[in-house]
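Novice: Sharing a model prediction with you, sequence too.
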Amino acid sequence: MERYGTRFMDDYQAIMTKKLGLPKYVKQLISKLLNNMAVDKVDYTNFFQLLSNIKADPSIPDEELLNPLKAVLLDIGQERKEAWISWVRIYIEELSASGIPDEERKASMNAVNPKNVLRNYLCQSAIDAAEQGDFGEVQRVLKVMERPFDEQPGMEKYARLPPAWAYRPGVCMLSCSS
């Protein structure tokens, strides 16, 4: 048990470094990212998929900087927008310093950041259909989850943010009795 904390942190740092497409762990960058994500309730799966589209180009104007992330940075005000722009600028500096070509970095990030994860609402939808005798949704969910990192034409709905109905106890949010 004494070695667990050290081992956990080593593995955590390695995973986060890969998720961000960086050659080395940058504590401040990752801490600020996780704080921004928590404050703005950003979907982790979709965020890391979209993050791979950021270009290591410091000349991108501020007003275009968040374009690759706009699908996950929903309903943020100017103050939060500025916090994200600041973070992306620092991230781009790290990417530029790494010298890793954008396409190579994107491929390595997409290899560790799944496009699809088995979300509670997907399970609930499949269960609801199965209870009505339709097992087609169960089969589709299983098929998508067999290859979570792959683009799967026609299956884009499984990578989307949960619908509004899914934000109830027992679906996206688990209650004490779940």
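Specialist: Ah, there it is. Numbers count the residues shown, from 1 in each chain.
Novice: center of the protein - which residue?
Specialist: Thr45 (2.6 Å; Cα atoms, centre = their mean).
Novice: Give the next helix or strand downstream of the lowest-mean-pLDDT helix or strand in the chain.
Specialist: The helix or strand of the chain with the lowest confidence, counting by mean pLDDT, DSSP states H and E, is helix 120-131 at a mean of 93. Going down the chain from helix 120-131, the next helix or strand is helix 136-146, by DSSP states H and E.
Novice: contact partners of that following helix?
Specialist: Applying Cβ atoms under 8 Å, 6 or more residues apart in numbering, the contact partners of helix 136-146 are Asn116, Leu118, Leu122, Cys123, Ser125, Ala126, Ala129, Ala130, Gln152, Met155, Tyr158. Backbone N, C-alpha and C define where each C-beta goes, glycine included.
Novice: related to what we said a few turns ago, now for the helix or strand hosting the residue nearest to the centre of the chain, which elements pack on it?
Specialist: Using DSSP H and E, Thr45 sits within helix 44-51. Helix 44-51 sits against helix 102-112, with contacts defined as 3 or more Cβ pairs under 8 Å, 6 or more residues apart in numbering; DSSP states H and E.
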